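**Student:** Any chance you could fold what I've pasted below:
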Amino acid sequence: QVQLVQSGGGQAQAGGSLRVSCAASGRTFINLYMGWFRQAPGKEREFVAAVSWSNDITQYAESVKGRFTISRDNDKNMVYLDMNTLKVDDTAVYYCAADHRIAGPIRTDIQSYEWWGQGTQVTVSP
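**Tutor:** Numbers count the residues shown, from 1 in each chain. This next block holds a predicted model:
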C-alpha cells in the first residue's frame with residue numbers, strides 16, 4: 001500500500017505560479033513512478049506530468065509543456081509540480097498518483113496508477 005498526502009495549490013492570477021506537493025509513504029519510494037493528473041469541472045481526469053523513479057525521465061501533457069515542472073526528492077519521499085505562467089484553463093483539482101514500476105516508459109493512462117492522493121484545488125483567475 002502507498003499513502004499519498006497532497007499539499008499546496010490554492011489560488012493565483014493568470015500568469016502567476018503555484019506549487020503542489022505530494023508526500024508518499026508505505027512503500028519504497030524509488031519503486032514508484034510518480035504522476036500528476038487533474039480534473040476540471042465537468043471534464044474527465046487527464047494526465048498532466050510524470051517522472052520516473054530516478055528523476056531522469058519526465059513527460060508532460062502538451063497543454064502544460066514549458067510551463068509546468070515535475071520533480072521528486074527520493075530522500076524525502078516527495079514529488080512536486082511547479083506551475084508557472086498559469087492560465088485560467090489550468091483551474092482544476094490536481095491529483096498525485098503512483099505507478100508501481102522501476103523501469104520502462106512513463107505511462108499516461110489513469111488505469112496504470114494504483115494509488116492516488118486526496119486532490120488539491122488549483123484556481124486561476126483572469
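
**Student:** would you list every one of the strands in this protein?
**Tutor:** Here the chain has its strands, by DSSP state E, at 3-8, 10-13, 18-25, 32-39, 46-51, 58-60, 68-73, 78-83, 92-100, 115-116, 120-125.

**Student:** how near is residue 69 to residue 20?
**Tutor:** For residue 69, the distance to residue 20 equals 12 Å [Cβ to Cβ, to the nearest Å]. For glycine as for every other residue, the C-beta is placed from the backbone atoms N, C-alpha and C.

**Student:** higher neighbour count, the two?
**Tutor:** residue 20 (26 against 16; other Cβ atoms under 10 Å).

**Student:** So in terms of bridging, what pairs with the most centrally placed residue in the chain?
**Tutor:** Residue closest to the average C-alpha location in the chain (Cα atoms, centre = their mean): residue 36, at 2.1 Å. For residue 36, the beta-bridge partners are residue 49, residue 96 (DSSP bridges).

**Student:** got the contact list for it?
**Tutor:** 20, 22, 48-50, 70, 79, 81, 94-97 (Cβ atoms under 8 Å, 6 or more residues apart in numbering).

**Student:** Find the one among the strands of the chain with the highest mean neighbour count.
**Tutor:** strand 32-39 (a mean of 25; mean count of other Cβ atoms under 10 Å).

**Student:** Residue 123 is in contact with residue 91, correct?
**Tutor:** Yes. Residue 91 is within contact range of residue 123, at 5.2 Å (criterion: Cβ atoms under 8 Å).

**Student:** what's the distance between the closest residue to residue 95 other than its chain neighbours and residue 20?
**Tutor:** Closest residue to residue 95 apart from its sequence neighbours, by Cβ to Cβ, 6 or more residues apart in numbering: residue 37 at 4.7 Å. In this view, residue 37 and residue 20 are 11 Å apart by Cβ to Cβ.

**Student:** shared neighbours of these two, anything?
**Tutor:** residue 94.

**Student:** Surely the residue nearest to residue 95 and residue 47 touch.
**Tutor:** Yes. Using Cβ under 8 Å, residue 37 is in contact with residue 47, at 5.7 Å.
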